[in-house]
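[1] Everything below, folded, please.
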Amino acid sequence: MYDITFRPQSNREDWVYIGELVDATDDTPIDITGCTMVFQVNDRQGWALLTATNANGKLTYIDINKFRWEFDQSEMRSLAPGTYNTGLTLTSEDGNEARQISVGPLPVVDGVVP
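    Residues are numbered from 1 along each chain as shown. As a prediction, the model looks like this:
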């Protein structure tokens, strides 16, 4: 599992993130084809504020080990300035194995422009 700290994001623009999964021991790509991924942004009480999954189309695969999520400006506007908790999970195609890929803070800044 990775402890990740995202760079500050504005609540007045789209947030697009591209990531890739590689084996930490030999740097080979981890094939995520057919797996389910869920990325979530929560408030301090644990309530989900933003969710990107394969099912809702907010998280897509762009290669065998690369993924992308996007939250548009209207979704980002729902986040007040502050720091939010995030988590990313990966579940195998057969549903028998679930892995926590990352956790970490997401700082959100006020983009000022209405």
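[2] What strand or helix carries the residue most central in space within the chain?
    Centroid-nearest residue in the chain: Phe39, 3.8 Å away (criterion: Cα atoms, centre = their mean). Applying DSSP states H and E as the criterion places Phe39 in strand 36-42.
[3] what's in contact with that strand?
    48-55, 59, 67, 69, 79, 84-91, 93, 101, 106 (Cβ atoms under 8 Å, 6 or more residues apart in numbering). For the C-beta atoms, the positions are set from N, CA and C on the backbone; glycine is no exception.
[4] now it, how far from the chain's geometric center?
    Offset of strand 36-42 from its chain centre (Cα atoms, centre = their mean, to the nearest Å): 5 Å.
[5] Confirm Asn96 sits in a helix?
    No - per DSSP: H, G, I helix; E, B strand; the rest coil, Asn96 lies outside any helix segment and is coil.
[6] any idea how far it is from Gln40?
    22 Å (Cβ to Cβ, to the nearest Å).
[7] These two: which has the busier surroundings?
    Neighbours per residue (other Cβ atoms under 10 Å) separate Asn96 from Gln40, with Gln40 holding more: 17 against 7.
[8] Show me what that one bridges to in the sheet.
    Thr51, Gly87 (DSSP bridges).
[9] okay, and for the protein, where does confidence drop off?
    Scanning the chain for pLDDT under 70 picks out nothing.
[10] Quick one: the strands in it, in order.
    2-3, 9-10, 15-20, 36-42, 48-53, 59-61, 66-71, 82-91, 98-109 (DSSP state E).
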